[in-house]
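K.L.:
Here is the input, now give the coordinates:
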Amino acid sequence: MTDARTVSEKPSTKQMADAIRVLAMDGVEKAKSGHPGMPMGMADVATVLFSRFLKFDASRPDWADRDRFILSAGHGSMLIYALLHLTGYKAATKAELSNFRQWGSKTAGHPEFGHMPGVETTTGPLGQGLANSVGFAMAERHLAAKYGEDLVDHRTWVIAGDGCLMEGVSQEAITLAGRYRLNKLTVLWDDNEITIDGKVSLSDATDQKGRFKSAGWAVKSIDGHNEAQIRAALKWATRQDKPTLIACRTKIGRGAATMEGSHKTHGAALGAAEVAATRLGLAWTHEPFELPEAVDKAWKKVGRRGAKERKAWEARLAASSQAADFTRAMKGELPEGAFAALDAKIAELVETQPAQATRQSSGAALDELFAAVPELIGGSADLTGSNNTFVKGTPILDAPTYEGRYVNWGIREFGMAAAMNGMALHGGVIPYGGTFMVFSDYSRPAIRLGALMGVRAIHVLTHDSIGLGEDGPTHQPVEHLAALRAIPNLLVFRPADTVEAMECWKLALEHKATPSALALSRQKTAAVRTVAAAENLSARGAYELKAANGEAKATLFATGTEVPLALAAAETLEAEGTPTRVVSVPCFELFFQQDAQYQASVLGRGTVRVAVEAAIQKGWERFIGEDGGFVGMTGFGASAPAEVLYVKFGITSEAVAAAVKARL
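P.N.:
Have a look, this model is predicted:
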């Protein structure tokens, strides 16, 4: 019972949980949109977690050693919004709860990182929060090894639903966590046997507990509405030497007057009549978004519970010789002189002009950066030798010490990318991970969420065109550059040579609020940057690499391994009396951030414009206009040596020159 007349000065856990139920019910009802069932069902578990186990201080949401709480079942967002409001997070006001799912509110339909303090990651696409949590837990263990458990010693708690566990990325995530024995990771499974369509049994018969056990997790089942069982299970989880799953058998829509246990509570408002009847059943006489004073006070006390521990941690940090370095790393700031060795190498390369694959160029950049930027943690989805992501002598990040800086992700592109997002969100590390570019299709959902959140995760995508050769069209990306460039707030770099590759790595590290994708070649390509520059030319996104000999009549645009083709075509055209410019375009996104005057100076309007890229044309129209020419791919590739494929598909300097002549 939660009537103000019956709530004692110290309300019960059930009464505190009812506050979550009512706030969730009221928020969804006012919006006429949302998911009340899960928050109502998991209110008891969440109440015990926050009031007894979660290490946090509501007055300091950015406390570096706080526990991380991840609502992987992000559709139940009113659960976390209610908890943040109840515990006293300043931004989680009554007005924000009342404005749930409305324009300009911090209480978005699904929790969004950066909107509301206390939301650790953007969730909603099911399974990704669970996969993020693996990265959070890995970052915690690595930083504990680096800085000591006086500064880093916290847990990651996840609430996940049946949908999260059905999504394929969950398998990648749980096997990674089990392999790395991430014992400070606990998943609270909302085992309510319900999906939108009805019973879970309609579509799934998986033994989820057996699946987690086989992946190396400790597993326990409880009644998710029994306070004693919840408390005992959470305490048990903190004592295990492996990740833990607690299967919480709950009723969706718990407390609803007539709809408790019904799939109809999953994704729709309960309706005015049901809300009124539920209020009556809970003896809740307060108006929407109003709380009994004793319940409100009890929850605010929960929000202050961690203040003493936080202050003690701050004292330890202040006394630590590592304080400055730890604070810098957690802020995401690069060390002083981070690029000194890289800049010296660039100056050397302008002179030596090596011809090499840009994946090798990327590896050469890492050789110069890895020691200078100790936050870098690398890895590959089982393609280390091909991706050139491993810096010689780097220890592997692994249990039980976790001090290494290279992760063997296995064949788990989606899981890798999602965990990288979690690592970046945790702070203190800068993750990069490699795979073949064609497999960015597997990791794309995580790349997209990283862009939405604005995290610095660097995706090293090698074998970027038909130039990979004999592996054929299954492995040859043709539409992938366009697809990646279509994602807002993602920097897609396709460097032409080693100098550009190093410049692009600098840019990827400098952009703290943007993920990056590096598209890198398998095949060798000639050096094109042979003159020293006083600035990072790639930072403009596109720049004139070669000026015309006289007033330009043609402008050629190219990226990556096709830049040498454009230079060769320009040489032919110049010899035939057509003054021709060549523009290298390492990054579309950065170019279109430049001012209009600079863009106009590069685009060369009034000249014949032709672009060449071993990919589909989509996106190039902004450079070449309606009448411009494009030399590239119009369909899938084929299995043959790279040099044969370029000729057979007509991606040659002769074809570029011909495209110009046809338009003069």
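
K.L.:
Sticking with M38, tell me its helix or strand.
P.N.:
Here M38 sits within helix 37-41, counting by DSSP states H and E.

K.L.:
Which strands or helices does that helix pack on?
P.N.:
Contacts defined by 3 or more Cβ pairs under 8 Å, 6 or more residues apart in numbering; DSSP states H and E place helix 37-41 against helix 13-31, helix 77-87. Every C-beta, even on glycine, is put in place using the N, C-alpha and C of the backbone.

K.L.:
After it, which helix or strand is next?
P.N.:
helix 43-48.

K.L.:
Give me the sheet partners of the helix or strand that that following helix is followed by and which way each runs.
P.N.:
Counting by DSSP H and E, the next helix or strand C-terminal to helix 43-48 is strand 68-71. When pairing is defined by DSSP bridges, strand 68-71 lines up against strand 156-160 (parallel).

K.L.:
what residues does the partner strand touch?
P.N.:
The list of residues contacting strand 156-160 from outside it, by Cβ atoms under 8 Å, 6 or more residues apart in numbering, reads 42, 45-46, 49, 53-54, 67-73, 76, 79, 129-130, 133, 136-137, 140, 170, 182, 184-190.

K.L.:
could you check the angle helix 77-87 makes with that strand?
P.N.:
Angle, strand 156-160 to helix 77-87, by axes from the mean of the first three to the mean of the last three Cα atoms, to 10 degrees: 140 degrees.

K.L.:
Only the C-alpha atoms, please, for strand 156-160, written as CSV.
P.N.:
Extracted C-alpha coordinates of strand 156-160, given in CSV (Å, rounded to 0.1, in the frame of the first residue of the first chain):
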residue,chain,number,x,y,z
THR,A,156,28.7,-3.0,-14.4
TRP,A,157,25.0,-3.9,-13.9
VAL,A,158,22.7,-4.7,-16.9
ILE,A,159,18.9,-5.1,-17.1
ALA,A,160,18.2,-7.1,-20.3
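
K.L.:
one step back: JSON lines for the helices and strands packed on helix 37-41, including mean neighbour count?
P.N.:
Output for the helices and strands packed on helix 37-41, formatted as JSON lines (neighbours: other Cβ atoms under 10 Å):
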{"stretch": "helix 13-31", "mean neighbour count": "25"}
{"stretch": "helix 77-87", "mean neighbour count": "28"}
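
K.L.:
could the ones you listed be laid out in a markdown table, adding mean pLDDT?
P.N.:
What follows is the helices and strands packed on helix 37-41, written out as a markdown table (pLDDT from 0 to 100):
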| stretch | mean pLDDT |
| --- | --- |
| helix 13-31 | 98 |
| helix 77-87 | 98 |
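
K.L.:
okay, these in CSV with distance to I651 next?
P.N.:
As requested, the helices and strands packed on helix 37-41 are arranged in CSV below (distance: least, Cβ to Cβ, whole Å):
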stretch, distance to I651
helix 13-31, 52
helix 77-87, 48
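
K.L.:
Of all the ones you listed, which one is nearest G619?
P.N.:
Distance to G619, taken as Cβ to Cβ, is lowest for helix 77-87 among the helices and strands packed on helix 37-41, at 34.1 Å.

K.L.:
for the closest one, packing partners?
P.N.:
Where contact means 3+ Cβ pairs under 8 Å, 6+ apart, helix 77-87 is packed against helix 13-31, helix 37-41, helix 43-48, strand 68-71, helix 94-98, helix 293-304.

K.L.:
Quick check: which of these is nearest to G378?
P.N.:
The closest of the helices and strands packed on helix 77-87 to G378 is strand 68-71. By Cβ to Cβ, the value is 22.8 Å.
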